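# need a 3D model of the following:
(chains A, B, C, D, E and F)
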There are 4 protein chains.
Amino acid sequence: MRQKDEAKAQDILRATLHEVQAVGLAGLSIEAVARRAGIATGTVYTYFRGKDALLDSLYLHTKTAFSDFVLRDDGLPLRAAFTRMTKAYLDYIIEHEAEIIFMGQMANSPYVTEQTREAAALGARPVAAMLERGKLEQLLKDLDTAWMMAFVGGTMKAMAPLAAGMSAAGYAAFQESVATLCWDALKA
Amino acid sequence: MRQKDEAKAQDILRATLHEVQAVGLAGLSIEAVARRAGIATGTVYTYFRGKDALLDSLYLHTKTAFSDFVLRDDGLPLRAAFTRMTKAYLDYIIEHEAEIIFMGQMANSPYVTEQTREAAALGARPVAAMLERGKLEQLLKDLDTAWMMAFVGGTMKAMAPLAAGMSAAGYAAFQESVATLCWDALKA
Amino acid sequence: MRQKDEAKAQDILRATLHEVQAVGLAGLSIEAVARRAGIATGTVYTYFRGKDALLDSLYLHTKTAFSDFVLRDDGLPLRAAFTRMTKAYLDYIIEHEAEIIFMGQMANSPYVTEQTREAAALGARPVAAMLERGKLEQLLKDLDTAWMMAFVGGTMKAMAPLAAGMSAAGYAAFQESVATLCWDALKA
Amino acid sequence: MRQKDEAKAQDILRATLHEVQAVGLAGLSIEAVARRAGIATGTVYTYFRGKDALLDSLYLHTKTAFSDFVLRDDGLPLRAAFTRMTKAYLDYIIEHEAEIIFMGQMANSPYVTEQTREAAALGARPVAAMLERGKLEQLLKDLDTAWMMAFVGGTMKAMAPLAAGMSAAGYAAFQESVATLCWDALKA
DNA sequence: CATGAATGAGTTTTCATTCAT
DNA sequence: TATGAATGAAAACTCATTCAT
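So this is what the prediction gives:
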């Protein structure tokens, strides 16, 4: 993005996100993005160098927002911190369906630059630290941290869609179940 | 004349699979598929009605092969059946990287017809049956079967990539760890 | 056409005729012609050098058949000969809708070779002779023969479609009207 | 930005017309149209949804312009009105060779929508009215109006090509001849 | 000869990007 | 800067023709 109107860059990113949700990455066109953002096609190029830059930028944006919301260690006792994270994970996925789809479509596409991929990876640091703390305290199995993180992420992504249409009470129970599932899997 | 050759249809499907792995669904072109399959562009259309039909067909093909290999219940005692499945799951994912990427890219794309989506869903029946057996025998938690299946699938998909480059011994240990992780999560 | 099966060449010509009627010259494909003729695509090329040759040949065929049926002078007294011709003209057009459409579509297309165009023109000789006989006998106006022939042909082509769906009696009256119309126009 | 330019749409229509004249409807390509219009291929699609829409639109355009020029009843005494029309008809055909060829090629093609066909048919109303006036005044034969119109149109289309290359004087005489021919045919 | 699959040039159409206004 | 028409390089798809069987 550039100098002028930061809000407009956000509009474009948001429009891209929802357009991918609607038609898939393979069906994405800049014209549709512009239409959804309520601007002219050419204006997109004032804020982003091109389609690749737009998608790469959105990917980093989305990953970062996700990490900030979910992947932190707030210093609570381990079980509590872990449960907070799994619940936040579910919350995020459910409230950000478009983002999840987008990240999934981008994962194996040639649009993400290596630089962005590396930057995005940094967001997972706090969780890694939390899990390592758990291993030190012998609360968790002595497994490779990367394995554990993959496990948690995979579980969340797989289970979140199931929460669609649940009542508040049902959802609360669901969150508990998922948290327990993960904990039981990882606990020593 | 040359007779329409079933093997050639397979070649095209295989070429598509690897082309998606190489350039992503968004970057897929029929010409590249044909080149990879060693045939003329037009020939693709002798075997498939068009790009949509080709991708839809490949999706069903891939899902079915996957289900046949992984998602069956061979009547072993529950724990053994469960372990066999998780190991087969990992085996499949590792030996079929292109398929996994392809299925991931297709999942939220507009290429999959509703019909195919439904047909593909049937493949999971045996696993559902196995998990229900486990609940009846009170070996597993009393959770919704759909939740359990999502959990297992998500875990596998997330963890399989970690096996990249492992030695045979390392991989055997990894399989055990994953099987245990899943079992611990689901066991009553 | 070649040596083998004269009837098959006829099948192909007939199929082409009806295919043009169905989808227009612009929509004509050899595959569709072959399908309609009940043979394989390649077989068309055994009987005709290619699409151009097929269409050119069909054009000459059709024009000739038309001339033989309609554009002759059977030596009757002029008015009778004239009336016979106009009635035959209408009969032909009505019984050969496909041929008429085909000739219309071909008229301004690049498919007709100059050679064929010239050959087709010869068919009109007898009518020209008849009209000249009429001028000599001072039964007809002293107009250029080419003008008269254009007039008669144009009238027929324009009016024939109107006969669609008429009863036998209605059609007989229609034929009389058209014959009178033409005669009144040309008579001295 | 450049504003969408009505003149450019006209350029495209005109280019299409002449391209059809040059290579026939069956040989028409959008690229050739664009080249003739002096624009890029893609620009055609800014003004017309596609080839079908372009041709359909051009057909309606052409038919309407033709009707406006030829098929009107300006309230002159019948014989004069009739003569004006036949002369205008010839004038039009001679000055608009491309249009005539185009309309001929389109007539039996699948490009014309039913809607357009109906709209085009309305243009003939005034002539129908004129002929009916003639029948009421007992100046014309009591024939079906549709027959009369077909007759006049057919005669014009057939005879106009004969005027090619005539001198001004010759053409004037030709117009008179044709007008007389038609009048003699239809008069009571 | 008949067949119909294979070929690949050519056609329509899309769309990222540019640029005149 | 914003606009959206213009561009032209792909991409999907068609189809006349060839050729292995």
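# gap between residue A:171 and residue A:95?
According to Cβ to Cβ, to the nearest Å, residue A:171 and residue A:95 sit 12 Å apart. All C-beta atoms are positioned from the backbone trio N, CA, C, and that covers glycine.
# more neighbours: those two, which one.
Neighbour totals were compared for residue A:171 and residue A:95, and residue A:171 leads with 16 against 12 (other Cβ atoms under 10 Å in any protein chain shown).
# I'd assumed residue A:164 was in contact with the more buried one.
No. Using Cβ atoms under 8 Å, residue A:171 makes no contact with residue A:164, being 10.0 Å away.
# now the residue at minimal distance from the centre of chain A, nearest residue through space, not along the chain?
With distances taken as Cα atoms, centre = their mean, residue A:66 lies nearest the centre of chain A, 4.1 Å away. Closest residue to residue A:66 apart from its sequence neighbours, by Cβ to Cβ, 6 or more residues apart in numbering or on different chains: residue A:92 at 6.3 Å.
# buried residues in the helix or strand where that neighbour lies?
For residue A:92, the element it lies in under DSSP states H and E is helix A:78-95. Across helix A:78-95, burial judged by 16 or more other Cβ atoms under 10 Å in any protein chain shown covers A:78, A:81-94.
# near DNA strand F too, which of these?
Filtering the buried residues of helix A:78-95 for proximity to DNA strand F by Cβ under 7 Å from any atom of the strand leaves nothing.
# and for residue A:166, the neighbour number?
So residue A:166, with other Cβ under 10 Å, has 14 neighbours.
# return the residues in contact with it.
Taking Cβ atoms under 8 Å, 6 or more residues apart in numbering or on different chains as the criterion, residue A:166 is in contact with residue A:174.
# which residue packs closest to residue A:142, ignoring adjacent ones?
residue A:135 (5.9 Å).
# find me the pLDDT at that neighbour, would you?
According to the prediction, residue A:135 has pLDDT 95.
# in contact with the nearest residue to residue A:183 once chain neighbours are set aside, which residues?
Sequence neighbours aside, residue A:82 is the residue nearest to residue A:183 in space, at 6.3 Å (criterion: Cβ to Cβ, 6+ apart). By Cβ under 8 Å, 6+ apart, the residues touching residue A:82 are A:130, A:134, A:179, A:182, A:183.
# so what's the residue count around the first one?
Translated: residue A:130. 23.
# separation between it and residue A:85?
Counting by Cβ to Cβ - residue A:130 and residue A:85 are separated by 7 Å.
# find residues that contact each of these two.
Common neighbours of residue A:130 and residue A:85 (Cβ under 8 Å, 6+ apart) are residue A:73.
# name the residues of chain A found near chain D, please.
Chain A comes close to chain D at residues residue A:42, as judged by Cβ under 8 Å from any Cβ of the partner chain.
# tally of neighbours for the nearest residue to residue A:51 once chain neighbours are set aside?
Among residues not flanking residue A:51 along the chain, residue A:30 sits closest, at 5.9 Å (Cβ to Cβ, 6+ apart). Neighbours of residue A:30 under the rule other Cβ under 10 Å: 18.
# I'd say residue A:113 and residue A:57 touch.
No. Counting by Cβ under 8 Å, residue A:113 does not reach residue A:57; the two are 9.9 Å apart.
# residue ranges with poor pLDDT in chain A?
A:1-4 (pLDDT under 70).
# so where do the helices sit in it?
A:6-23, A:30-37, A:41-47, A:51-70, A:78-95, A:97-107, A:114-122, A:125-136, A:145-159, A:168-186 (DSSP state H).
# please identify the buried residues of stretch A:51-71?
Neighbour count says stretch A:51-71 has A:51, A:54-63, A:66-67, A:70-71 buried, by 16+ other Cβ under 10 Å.
# out of those residues, which is nearest to DNA strand F?
residue A:51 (12.3 Å; Cβ to the nearest atom of the strand).
# distance of the closest one relative to residue A:102?
14 Å.
# next: residue A:110.
15 Å.
# again with residue A:132
30 Å.
# quick check: residues of chain A near chain B?
Near chain B, when you scan chain A using Cβ under 8 Å from any Cβ, you find A:21, A:23-28, A:101, A:104-105, A:107-111, A:141, A:143-144, A:146-147, A:150-151, A:153-159, A:161-162, A:174, A:177, A:181-182, A:184-187.
# so how do I select the buried members of these in PyMOL?
The PyMOL selection below is limited to those of the residues of chain A next to chain B classed as buried (16+ other Cβ under 10 Å):
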select buried, chain A and resi 21+24+25+26+28+101+104+105+108+109+111+141+143+147+150+151+153+154+155+156+157+158+159+162+174+177+181+182+185+186+187
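# now, which of the residues of chain A next to chain B lie close to DNA strand E?
A:27, A:28.
# picking up where we left off before, which residues does the residue nearest to residue A:66 contact?
A:66, A:69, A:70.
# that one and DNA strand E, how far apart?
Distance of residue A:92 to DNA strand E, computed by Cβ to the nearest atom of the strand, to the nearest Å: 29 Å.
# right, and chain C sits closest to which residue of chain A?
residue A:27 (29.8 Å; Cβ to the nearest Cβ).
# surely that residue is in contact with residue B:108?
No. In this structure residue A:27 lies outside contact range of residue B:108 using Cβ under 8 Å: 10.6 Å.
# what about the closest residue to residue A:89 other than its chain neighbours, distance to DNA strand E?
With sequence-adjacent residues excluded and distances taken as Cβ to Cβ, 6+ apart, residue A:89 is closest to residue A:156, at 4.2 Å. Per Cβ to the nearest atom of the strand, residue A:156 is found 31 Å from DNA strand E.
# need the contact list for residue A:156.
Residue A:156 makes contact with A:86, A:89, A:90, A:93, A:178, B:154, according to Cβ under 8 Å, 6+ apart.
# closest one of those residues to residue A:16?
residue A:93 (19.2 Å; Cβ to Cβ).
# contacting residues for that closest one?
Residue A:93 touches A:100, A:156, A:157, A:160, A:161, counting by Cβ under 8 Å, 6+ apart.
# could you pull up phi and psi at residue A:71?
Here is the backbone geometry of residue A:71 (degrees, to the nearest 10): phi -90, psi 60.
# I'd guessed residue A:105 sits against residue B:106; true?
No. Residue A:105 sits out of contact with residue B:106 when judged by Cβ under 8 Å, with a separation of 10.1 Å.
# any common contacting residues for these two?
Joint contacts of residue A:105 and residue B:106 (Cβ under 8 Å, 6+ apart) do not exist.
# alright, I will stop here.
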